[in-house]
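>>> Give the three-dimensional model of this entry:
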Amino acid sequence: MNTLNKNPNLKEINAYKKKISWGDLPTIFHMAYNAISDVDSILSHGFDSAYKRMFNKEKWNLNLLEGFKDDEGNTIVKRKPKIALLHIYTEQNYELHCFPVIKGELIETTLHNSPRCPFIHWTPETMQMLFRISSFVSFMTYHTQGGDEADLALMKFAHFKVEELIELLEKTFDVTQVSGRNIAEFYREIQKRKDYSVDASNKLNNSM
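Residues are numbered from 1 along each chain as shown. Got it, this is the predicted structure:
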């Protein structure tokens, strides 16, 4: 593989990175790759996740949502659960957080059997963070300091995967807002800060 395809999958990105780095994958690339791989398979693999549990209608407040079982036992709702999403960036990681919305307000507290909550039980400790891409902020920072085409492809893959997972939520839920910068916007901010820092350093050096 001499060059990457226009829309490479994870295996193609990893293979290309190995090729251009002579098989010596940087630790930060390997960590980000594994974390993104987990998110890529969040619905197809058997392990449990807060994201996957969101789609379990048995945990929805059917009285509020005017839900019922059809003749085949499928749960049907007349009203979609209202939620809000938030992009979160810590020092090292990216996370997608979710909040139930009640009367226009984002709920950040535990609720059990609340007639106004779209979920029977809502526990922020186990449900608010839908998924995490560990070491991803560190990886984006690393790329601005001298990354390559494979690094950029991995970041693009992560961005589009997260957007795809958000779109899946929007099909099932009434997503009232998606707040915070998405991955592409956050990366551009890192790049802008880096360019500003370099420019300021050059001006300082030129003045000495």
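>>> Mind jotting down where the strands sit in this structure?
67-69, 75-77, 82-89, 94-102, 105-106, 111-112, 121-122, 129-133, 174-179 (DSSP state E).
>>> What's the separation between the closest residue to Phe99 other than its chain neighbours and Lys78?
With CB to CB, 6 or more residues apart in numbering as the criterion, Phe99 has its nearest non-adjacent residue at 4.1 Å, and that residue is Leu106. Where you see a C-beta, it was placed from the backbone N, CA and C, and this is true even at glycine. Leu106 is 23 Å from Lys78, where distance means CB to CB, to the nearest Å.
>>> quick one on the thing from earlier: using CSV, lay out the strands of the chain together with mean pLDDT, distance to Leu10 and mean neighbour count.
Listed next are these as CSV, based on pLDDT from 0 to 100; distance: least, CB to CB, whole Å; neighbours: other CB atoms under 10 Å:
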stretch, mean pLDDT, distance to Leu10, mean neighbour count
strand 67-69, 95, 37, 13
strand 75-77, 96, 33, 14
strand 82-89, 99, 21, 18
strand 94-102, 99, 16, 21
strand 105-106, 98, 33, 14
strand 111-112, 98, 37, 14
strand 121-122, 98, 33, 18
strand 129-133, 98, 13, 20
strand 174-179, 98, 24, 14
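>>> Of those, which is nearest Leu4?
The closest of the strands of the chain to Leu4 is strand 129-133. By CB to CB, the value is 20.4 Å.
>>> can you list contacts of that closest one?
Strand 129-133 is contacted from outside by 32, 35-36, 38-39, 42, 49-51, 54, 88, 93-98, 158, 162, 165, using CB atoms under 8 Å, 6 or more residues apart in numbering.
>>> Report the contact partners of the residue nearest to Phe99.
Taking CB under 8 Å, 6+ apart, we find Leu106 in contact with Ala84, Phe99, Pro100.
>>> where does this protein dip in pLDDT?
Counting by pLDDT under 70, the chain contains low-confidence residues at 1-2, 46, 195-208.
>>> which stretches of it form helices?
Ranges of helices in the chain, per DSSP state H, are 10-20, 27-40, 50-53, 62-65, 124-127, 136-144, 149-172, 183-207.
>>> coming back round to it: now the contacts of strand 129-133: which count as buried?
Buried members of these, scored by 16 or more other CB atoms under 10 Å, are 32, 35-36, 38-39, 42, 50-51, 54, 93-98, 158, 162, 165.
>>> hang on, the earlier thing: wait, which of the strands of the chain is closest to Thr27?
Nearest of the strands of the chain (CB to CB): strand 129-133, 15.9 Å.
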